[in-house]
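> sharing a model that was predicted from the sequence below.
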Protein chains: 2
Amino acid sequence: MGVYRYPENPLLTPADVPPHRDDFEVIGVFNAGVAKYHDEIILLLRVAERPVAQDEQTIKAAIFDVSAKGLRIETFHRNDQRYDFSDPRSIAPVERKGGFTYLTSISHLRIARSVDGRHFHVDEQPFLYPQTELETFGVEDARITQIGDTYYITYSAVSARGVGVVLASTKNFHDVHRHGMILPPENKDVVLFPEPIGGKYYCLHRPVPSGNGSPDIWLAESSDLNHWGNHHHLMGCRPEAWDSRRLGAGAPPLRTEHGWLELYHAADEDARYCVGAVLLDLEDPSQVLVRSRHPILVPEADYETNGFFGNVVFPCGALLQGDTVQVYYGVADTSMACVEIPLQTIFDSLGS
Amino acid sequence: MGVYRYPENPLLTPADVPPHRDDFEVIGVFNAGVAKYHDEIILLLRVAERPVAQDEQTIKAAIFDVSAKGLRIETFHRNDQRYDFSDPRSIAPVERKGGFTYLTSISHLRIARSVDGRHFHVDEQPFLYPQTELETFGVEDARITQIGDTYYITYSAVSARGVGVVLASTKNFHDVHRHGMILPPENKDVVLFPEPIGGKYYCLHRPVPSGNGSPDIWLAESSDLNHWGNHHHLMGCRPEAWDSRRLGAGAPPLRTEHGWLELYHAADEDARYCVGAVLLDLEDPSQVLVRSRHPILVPEADYETNGFFGNVVFPCGALLQGDTVQVYYGVADTSMACVEIPLQTIFDSLGS
């Protein structure tokens, strides 16, 4: 048995999500955190929006203005020599000094609910919207871990200060509490383990060193989820492999008989993002037991290879349904899809 | 009254410190943490050593090898086209892919003791030597904060994984306990506040974002000193000013009647490192009250302008002696010096 992509894929596209205000358009709905809540599957979608531009020569970027407690719209012209517009995701100053890179979209987190896991109803309004000076460029790529009756959400907070990770929590997917930034820039891709191990909470995180070092996966410990320490380097990029360029935790770890199963994303030199797996020791998650030599999911379907930023499969959550892992994943920075993979298929792939 | 540089400066130079093994030479003794212990002033020196090279065309770099539990010596030839030797501090691969930048020296932390604060006796052997895979390139730039009867030491752990910050502690400057890495790469310049504020411990730290953002000073909170959270951006680089390029906390904050006095270092576009001051609210250290428009200490003396890396004054510790601040600081990445500055002089400078 191999990977089973839902025939309904992509499950959610920008056309399925209304913008949160009339003068905006949704350009991406992807990289959703996943939770089971009562009888429903919840996706906490990253919704990327932008102000509708009047013509092709104009790019408008929305930024959250803390003092005004609202959005400010910046307008750029494509022939402005001071900026590099070649990356569709960003507007970069040619001269970095004193300037910072704008995003062409601003993301928020929005809830979608489903009973069958294939058809979703999307909320009209955001669940988490930029609110602080560390979120002025948006909030992105949530992961959800249920611990007891609380759902903990880790997400990327993006601003001119860099990208850090904020913790939030909810008990009902209606009221949400922000706990503050738990990891400062540059960091993202934080997943919490779903239970304490030896009396401590653990997370995986992905710092980006500015000098030596590569974007690798690290492990950290906490006693209260709000404060983190005892950082260890867990696993790095592998030259020449599918995960040569950058790594990041994907779904929160799943407890299996063979160890903590972590589905992670990685990119190679061509910026192709695939999904692989790693097993960590159940008692000591700093011990890597075995790791995918080859990816278990690669961008192949049309909706995975083509889009705003193509050749990307990017999971932020997975559910263990009996012997099967149900993986929700962003595709091409554009839409959401789902794949089912038997646990045994993953274990077998790790042996080869 | 202005700044009073000790006539004995530099207080400690490489010639005053024996290498910890015979085939090494000391090239720098600088950036020391400072503590008062019984009747003595303790400096926890950064001692930079390198293997003695046989000829001018050879550079030897020492790296701590975790599996061998000892040093490994790498030999480079100056005509090796694969490396860039232009920075005296490092050996950088011309092609970054798969390679990492070596340091031309490896640093450890060593204790020096003094009764008069001007003449020091230096230990023969290291107090803290590289020990883990996150310290393979050395341990650097300690800060010391006394809390109760314990002296907490924060230092930079340097490796091919990047630069992070480790916490250690001692009660007697003889036995030392490592608490683990408290902030992952890229981070350094961590100082602990000497007492809890509103029931929480605080530190200043200096992450280096890899994209947007600059090397600025951040604030974080902890309940146990080992785990940190609620990160806030505190103060940033100022374009065109003396602190335009990078900032970092220097000495652990000193409690004064006007607020927490933090002496910080900063570099401008010419990589000139000066010392300035900032006052933070006593009850809420996230509030910046006032900050030096001009530095209070600039590299002027010969021992500050000339050396391994010239034009650097870099404090890692200061003692409040009555109405005077006694600042120990590294000079030119080579030696140690001391300056006394009346508190009032600092306060007056902040007003202008």
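Thanks, I have it.
> which parts of the lengthiest strand in chain A are buried?
Longest strand in chain A by number of residues (criterion: DSSP state E): strand A:24-37. For strand A:24-37, the neighbour count (16 or more other CB atoms under 10 Å in any protein chain shown) marks A:24, A:26-35, A:37 as buried. All C-beta atoms are positioned from the backbone trio N, CA, C, and that covers glycine.
> chain center to the next helix or strand after that strand, what's the gap?
Once the chain leaves strand A:24-37, the next helix or strand it forms, by DSSP states H and E, is strand A:40-51. From the chain centre to the centre of strand A:40-51 is a distance of 11 Å (CA atoms, centre = their mean, to the nearest Å).
> stretch A:71-91 too?
That offset, for stretch A:71-91, works out to 24 Å (CA atoms, centre = their mean).
> for stretch A:181-201, same thing?
The chain centroid and the centroid of stretch A:181-201 are separated by 14 Å, computed with CA atoms, centre = their mean.
> and it, end to end?
17 Å (CA to CA, to the nearest Å).
> the residue in the stretch 251-352 of chain A positioned nearest to chain B sits in which helix or strand?
Residue nearest to chain B within the stretch 251-352 of chain A (CB to the nearest CB): residue A:269, separated by 8.5 Å. Using DSSP H and E, residue A:269 falls within no helix or strand.
> ok, now how distant is it from residue A:244?
As judged by CB to CB, to the nearest Å, residue A:269 and residue A:244 stand 6 Å apart.
> neighbour-wise, which of these two wins?
A side-by-side neighbour count of residue A:269 and residue A:244, using other CB atoms under 10 Å in any protein chain shown, places residue A:244 first with 18 against 10.
> identify the residue nearest the more buried one in space, chain neighbours excluded?
Among residues not flanking residue A:244 along the chain, residue A:268 sits closest, at 5.0 Å (CB to CB, 6 or more residues apart in numbering or on different chains).
> and that neighbour, what does it touch?
Neighbouring residues of residue A:268 by CB atoms under 8 Å, 6 or more residues apart in numbering or on different chains: A:241-245, A:274.
> local confidence estimate at residue A:97?
pLDDT, residue A:97: 66.
> which helix of chain A spans the most residues?
Determined from DSSP state H, the single longest helix within chain A is helix A:343-351.
> so how far is that helix off the chain centroid?
The answer for helix A:343-351 is 24 Å, by CA atoms, centre = their mean.
> buried ones in that helix?
For helix A:343-351, burial by neighbour count (16+ other CB under 10 Å) applies to A:343, A:345-347, A:349-350.
> turn those residues into TSV, columns for distance to residue A:300.
Output for the buried residues of helix A:343-351, formatted as TSV (distance: CB to CB, whole Å):
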residue	distance to residue A:300
A:343	22
A:345	16
A:346	18
A:347	22
A:349	16
A:350	21
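> possible to save the residues you listed as JSON lines with distance to chain B and pLDDT?
Shown next, in JSON lines, are the buried residues of helix A:343-351 (distance: CB to the nearest CB, whole Å; pLDDT from 0 to 100):
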{"residue": "A:343", "distance to chain B": "31", "pLDDT": "97"}
{"residue": "A:345", "distance to chain B": "32", "pLDDT": "96"}
{"residue": "A:346", "distance to chain B": "28", "pLDDT": "97"}
{"residue": "A:347", "distance to chain B": "29", "pLDDT": "96"}
{"residue": "A:349", "distance to chain B": "26", "pLDDT": "93"}
{"residue": "A:350", "distance to chain B": "24", "pLDDT": "93"}
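> which SSE is the residue nearest to the spatial centre of chain A in?
Ranked by distance to the mean C-alpha position of chain A (CA atoms, centre = their mean), the top residue is residue A:141 at 2.9 Å. Element membership for residue A:141, per DSSP H and E: strand A:138-147.
> does any bit of that strand sit next to chain B?
No. With CB under 8 Å from any CB of the partner chain as the criterion, chain B is not reached by strand A:138-147; the gap is at least 12.1 Å.
> so in that sheet, which strands flank the following helix or strand past that strand, and in what orientation?
Counting by DSSP H and E, the next helix or strand C-terminal to strand A:138-147 is strand A:150-159. Using DSSP bridges, strand A:150-159 pairs in its sheet with strand A:138-147 (antiparallel), strand A:162-170 (antiparallel).
> just want the angle from the last one to strand A:24-37.
Counting by axes from the mean of the first three to the mean of the last three CA atoms, to 10 degrees, strand A:162-170 points 50 degrees away from the direction of strand A:24-37.
> next one: strand A:162-170 to chain centre, how far?
With CA atoms, centre = their mean, you get 12 Å for strand A:162-170.
> quick check: closest non-adjacent residue to residue A:140.
Take residue A:140 and drop its neighbours on the chain: the residue closest to it by CB to CB, 6+ apart is residue A:156, 4.3 Å away.
> burial measure for residue A:338, as a count.
Residue A:338 has 25 neighbours, counted by other CB under 10 Å.
> what residues of stretch A:68-76 count as buried?
Neighbour-count burial for stretch A:68-76 flags A:71, A:76 (criterion: 16+ other CB under 10 Å).
> that stretch near chain B anywhere?
No. For stretch A:68-76, no contact with chain B is found by CB under 8 Å from any CB; the gap never falls below 14.6 Å.
> which residue ranges form the strands in the stretch 51-200 of chain A?
Remark: strands assigned in the stretch 51-200 of chain A by DSSP state E, counting those that start in this stretch are A:58-65, A:70-77, A:83-84, A:90-93, A:102-103, A:106-114, A:121-122, A:138-147, A:150-159, A:162-170, A:177-183, A:187-192.
> coming back round to it: I'd like to know which elements the longest strand of chain A is packed against.
strand A:40-51, strand A:106-114, strand A:138-147, strand A:150-159, strand A:313-321, strand A:324-331, strand A:335-342 (3 or more CB pairs under 8 Å, 6 or more residues apart in numbering or on different chains; DSSP states H and E).
> ok, the closest residue to chain B within the stretch 201-350 of chain A to residue B:115 distance?
Taking CB to the nearest CB, chain B has its nearest neighbour within the stretch 201-350 of chain A at residue A:209, 3.1 Å off. Residue A:209 sits 42 Å away from residue B:115, going by CB to CB.
> ok so, going back, other SSEs contacting the longest helix of chain A?
Contact here means 3+ CB pairs under 8 Å, 6+ apart; on that basis helix A:343-351 packs against strand A:273-280, strand A:288-291, strand A:324-331.
> how about the ones you listed, which one is nearest residue B:185?
strand A:288-291 (19.2 Å; CB to CB).
> what mean pLDDT does the strand holding residue A:141 get?
Across strand A:138-147, the average pLDDT comes to 98.
> stretch A:77-89 now?
Mean predicted lDDT for stretch A:77-89 stands at 91.
> and chain B, is it touching that?
No. Using CB under 8 Å from any CB, stretch A:77-89 never reaches chain B; the gap is at least 11.6 Å.
> name the residues of that stretch that are buried.
Going by neighbour count (16+ other CB under 10 Å), the buried part of stretch A:77-89 is residue A:83.
> list the contacts of it.
With CB under 8 Å, 6+ apart as the test, stretch A:77-89 has contacts from A:56-59, A:76, A:91-95, A:103-105, A:308-309, A:333.
> for residue A:155, name its beta-bridge partners.
Taking DSSP bridges as the rule, residue A:155 bridges to residue A:166.
> can you give me the neighbour number for it?
Here the number of neighbours of residue A:155 (other CB under 10 Å) works out to 29.
> where does the stretch 251-352 of chain A dip in pLDDT?
Low-confidence segments of the stretch 251-352 of chain A, defined by pLDDT under 70: A:352.
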